[in-house]
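Enquirer: kindly generate the corresponding structure for this input.
(one chain, ligands or ions: 1)
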Amino acid sequence: MTYNKHDLYELCVQSPKDLVPLIRAIHGDNPMILGEDFAGTSALSHLWVERDGCTAIAVDLDAKALGFRGDHPRVTKNQCDVRAINDPVDVLFVGNFSIGYLHTRSELVEYLTHTRKRLESSGGVFICDTYGGESAYTLGGVHRAHPMPGGKLCRYTWEQHQADPTTGMVTNLIHFRIERAGVIEEELFDAFVYEWRLWSIPELRDAMSDAGFAKTQVYAKLADAIDEEGNAYITAVQDAEEELEESFIVLVVARV
Ligand SMILES: C[S@@+](CC[C@H](N)C(=O)[O-])C[C@H]1O[C@@H](n2cnc3c(N)ncnc32)[C@H](O)[C@@H]1O
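Expert: Residues are numbered from 1 along each chain as shown. Coordinates of the predicted model:
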């Protein structure tokens, strides 16, 4: 049996069901139109439109990833570069460190200027994630196991394979291994390979200001923000020493 890498990615890597309330809470009002850039399978967009009247615009270069979930009447999918779509949105999300596909500062500022224009008419919010802190440039893997139907287990490894603190360039890999009762059924080594510029929080905030955003903020401890009913309660970081862990994943936010 062959497993699809996008299925395994959605099982192990993403949690769009937590992201939807988090994005609404960070926006702070009632955003209806989501832009999901570097969308991959656009899992977030499909969940976003479950609320009546909401729509989503997903953009990705990869036709296979974008087509993976099929069509939805309220999700518009664009197979192109993120800078080619100009449609206005209320909130624009870039997840799983994809902002790192923009390797140079000029590309980053150009992209952020483009997103600001898409958000201008609604007074909207741009949100992206990044990681940093003590282990930002450490090589090695983080392993997790996720149960699958039929008593199987998907072992997932996120590996930082190369990391150069002098350029900010990192190579990250995702591997999957399917096991049943300790026996390996299938291995997808290097299922995803990412070559990213790891942007620091202040680099992102400076670029956002240069792109004309009025205000930037940082949101941390994302996992703690969701309660058992799936509601999100989160405020922007005020005291970094108190609120940031030694190694962290944060959302960096820019408001028009
Ligand atoms: C790490 S995946 C992120 C998927 C999804 N956002 C998530 O959170 O799981 C990055 C995606 O960005 C897409 N991509 C890379 N550069 C792009 C560009 N310039 N324009 C549009 N999509 C791009 C890749 O095809 C890939 O599907």
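Enquirer: where in this structure is pLDDT low?
Expert: 1 (pLDDT under 70).
Enquirer: what parts of it come near the ligand?
Expert: By C-beta under 6 Å from any ligand atom, the residues of the chain that approach the ligand are 14, 38-40, 59-62, 65, 81-82, 95-96, 98, 101, 194. (Glycine included, C-beta is placed from N, CA and C.)
Enquirer: pick out the most distant pair among those.
Expert: The span of these, defined through C-beta to C-beta, is set by Gln14 and Asp81 at 22.2 Å.
Enquirer: neighbour-wise, which of those two wins?
Expert: Gln14 (17 against 13; other C-beta atoms under 10 Å).
Enquirer: which secondary structure element is home to that one?
Expert: Using DSSP states H and E, Gln14 falls within no helix or strand.
Enquirer: isn't His46 up against His72?
Expert: Yes: contact criterion C-beta atoms under 8 Å: His46 and His72 qualify, at 5.9 Å.
Enquirer: surely Thr130 is in a helix?
Expert: No: under DSSP: H, G, I helix; E, B strand; the rest coil, Thr130 falls outside any helix and is assigned strand.
Enquirer: list the beta-bridge partners for it.
Expert: Beta bridges link Thr130 to Val250, judged by DSSP bridges.
Enquirer: any idea how far it lies from Ser122?
Expert: 24 Å (C-beta to C-beta, to the nearest Å).
Enquirer: same question for His72.
Expert: 22 Å.
Enquirer: again, but for Cys80
Expert: 22 Å.
Enquirer: then Thr171?
Expert: In terms of C-beta to C-beta, Thr171 sits 37 Å off from Ser122.
Enquirer: so for His46 and His72, which sits in the more crowded spot?
Expert: Shown here are His46 and His72; by other C-beta under 10 Å, His46 has more neighbours (19 against 16).
Enquirer: quick check: that one is in a helix.
Expert: Yes: assessed by three-state DSSP, His46 belongs to a helix.
Enquirer: for it, which non-adjacent residue is spatially closest?
Expert: Nearest non-adjacent residue to His46, counting by C-beta to C-beta, 6 or more residues apart in numbering: Arg69, 5.5 Å away.
Enquirer: Cys80 and Ser122 - which one has more neighbours?
Expert: Ser122 (17 against 11).
Enquirer: that one contacts Leu92, correct?
Expert: No: checked against C-beta under 8 Å, the pair Ser122 and Leu92 is beyond contact range at 10.2 Å.
Enquirer: what is in contact with the two at once?
Expert: Residues touching both Ser122 and Leu92 (C-beta atoms under 8 Å, 6 or more residues apart in numbering): none.
Enquirer: for Lys221, grab the count of nearby residues.
Expert: Neighbours of Lys221 (other C-beta under 10 Å): 14.
Enquirer: do Ala25 as well
Expert: So Ala25, with other C-beta under 10 Å, has 16 neighbours.
Enquirer: check Phe126 too.
Expert: Phe126: 26 neighbours (other C-beta under 10 Å).
Enquirer: wasn't it part of a strand?
Expert: Yes: Phe126: assigned to a strand according to three-state DSSP.
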